[in-house]
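# Next comes the sequence, and after it the predicted model I'd like to discuss.
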Amino acid sequence: MPAPYRHVTQVESYQARVREGLLRLEIAPRHVLLEIEGKLSLSIHEQFLTWIAHPPERVGWRKWIPRKKDPKPKKRSVRLDEGRLLIASSHLTDVLSIWFEEKEGVYRCLLRIEPVILLDAAALQAWKALEELGKRLSAATSKYARDALVATEYGKGAHTALVVDYKHHSQVIARPVFRERHIPVFEVHGSGKVKNLKGKGQEGLCVSRYSVTLSGDRIRFDQVDGSRAAELHLPWVSPEDRKHIRVRFQDTVDGAHERMLDDALFLDDSDEEDSEQLLGELAEAT
C-alpha cells in the first residue's frame, strides 16, 4: 500500500575508473558523496565538508614487516560557509582537483584524482567518464563556489597555478616561493585593468590582445603608450600552460575599448560620476 507521507529521494550516481581505482559520485538533494572505496572519501552535507584519507596499503616486501599499530585514517571537517569550494580540472592532463579557501585569500588543495594512463585499455572512455563526473560534481557544488564560474589548474606538484574565472574578471592563484599555501597573485578584468596582487602591486590598463605577450616564464601586459602595466611570473608551469594562460587573458582584455565606451554611454543620469570615470580611463588608455 503506497504511503503518501513518504518521499522517495532521487539519487544520481556516476562512476569513473581512475588511477587509484573506481571513483563513485553520489548526488542527493541534501548531500554529495565522492569516494574511492578503501582509499578516500569526501562528503558534503548542508554546510559541512568532511574528507577521509585512508593510509596506503603496503606493497612488495614491506607488507610482511609487522607494524607496532595500525595507522588510522586521516579525517578532517570544515564549514563551507567560511570559504569558497572550487572544483578544478587541469589543463591537458584532466586531473580532477578540489580546492578550498581555508581563510580569506588562502587556498588549499584537498585532494587530486588522476585519470588512468592512456596506455590502459579503454582509457579514452575512462577519461570521458571522469570529465562528465567532474562536470556533475561542479554543478552540484556550484553554490559553495560563490561567484566563481570555472577553475582550471596548470602545472604539477606543489607549485601548481589555478586560474579562476568570475563574471567580470579572472584571478590567478599560485604558491609563491617560500610559502606553504596558495594565494591570489594576479587579476585580469574585462575592462582591461590588470593588477599584480603581490610585491609592489603593479597596476595598469591593457586594452588589446596584442599587448599581452609571453617572455620566458613571464606573461607581460603593456599599455597603449608601450609602458609596462604589470607582469605575471609563472616559473613552475610548462611553456604550453603559459601559452594557454596568455591566450585566455588575451580573450579577456580583447575589445576592452568597446566595452568601456558602451558602459560609459549607456549609464543612467544618476550614474554620471561613474560615466565620467569610465570615459576618463578610456581617454588615458588611448
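Done, it's in. Numbering: from 1, shown residues only.
# Break down the stretch 151-286 of the chain into its strands, ranges please.
Under the criterion DSSP state E, counting those that start in this stretch, strands of the stretch 151-286 of the chain are mapped to 161-165, 169-174, 183-189, 193-196, 203-205, 212-215, 218-222, 228-233.
# which helices and strands sit right next to the third one?
Contacting strand 183-189 under the criterion 3 or more CB pairs under 8 Å, 6 or more residues apart in numbering; DSSP states H and E are the following elements: strand 169-174, strand 193-196, strand 228-233, helix 239-253. In short, each C-beta sits where N, CA and C put it, glycine included.
# is it possible to export the strands of the stretch 151-286 of the chain to CSV including mean pLDDT and mean neighbour count?
Converted to CSV, the strands of the stretch 151-286 of the chain look like this (pLDDT from 0 to 100; neighbours: other CB atoms under 10 Å):
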stretch, mean pLDDT, mean neighbour count
strand 161-165, 95, 21
strand 169-174, 94, 22
strand 183-189, 94, 20
strand 193-196, 92, 22
strand 203-205, 89, 18
strand 212-215, 92, 15
strand 218-222, 93, 20
strand 228-233, 90, 19
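# So for residue 111, which of those sits nearest?
Residue 111 lies closest to strand 161-165 among the strands of the stretch 151-286 of the chain, at 14.4 Å (CB to CB).
# what are the pairing partners of that closest one, and which direction each?
strand 150-154 (antiparallel), strand 169-174 (antiparallel) (DSSP bridges).
# Check the offset of it from the chain's centre.
Here strand 161-165 is found 5 Å from its chain centre; the criterion is CA atoms, centre = their mean, to the nearest Å.
# can you pull up the bridge partners for residue 85?
Going by DSSP bridges, residue 85 forms beta bridges with residue 100.
# which residues touch residue 199?
Contacts for residue 199 (CB atoms under 8 Å, 6 or more residues apart in numbering) come out as none.
# again with residue 129
14, 15, 16, 17.
# Tell me which of the strands of the stretch 151-286 of the chain approaches residue 40 most closely.
strand 161-165 (20.7 Å).
# By residue count, tell me the biggest helix in the protein.
Using DSSP state H, we find that the single longest helix of the chain is helix 123-140.
# buried stuff in that one?
126, 127, 129, 130, 133, 134, 136, 137, 138, 140 (16 or more other CB atoms under 10 Å).
# what's the answer for stretch 20-33, then?
23, 24, 25, 26, 27, 32, 33.
# Check stretch 101-112 too.
Judged by neighbour count using 16+ other CB under 10 Å, the buried positions of stretch 101-112 are 101, 106, 107, 109, 110.
# among those residues, which two are most distant?
Maximum pairwise distance among the buried residues of stretch 101-112 (CB to CB): 13.4 Å, between 106 and 110.
# What ranges in this structure fall below the confidence cut-off?
Where the chain drops to pLDDT under 70, the residues are 1-9, 57-70, 255-286.
# Quick check: the gap between residue 53 and residue 34.
Distance of residue 53 to residue 34, computed by CB to CB, to the nearest Å: 12 Å.
# just residue 118 next, same as before
For residue 118 relative to residue 34 (CB to CB), the value is 24 Å.
# again with residue 190
33 Å.
# Check residue 188 too.
For residue 188, the distance to residue 34 - CB to CB - is 31 Å.
# same check, this time on residue 216
In terms of CB to CB, residue 216 sits 39 Å off from residue 34.
# Neighbour count for these two, which is higher?
Between residue 216 and residue 34, residue 34 has the larger neighbour count (other CB atoms under 10 Å), namely 25 against 10.
# Just list whatever residues bridge to the more buried one.
Beta-bridge partners, per DSSP bridges, of residue 34: residue 25, residue 42.
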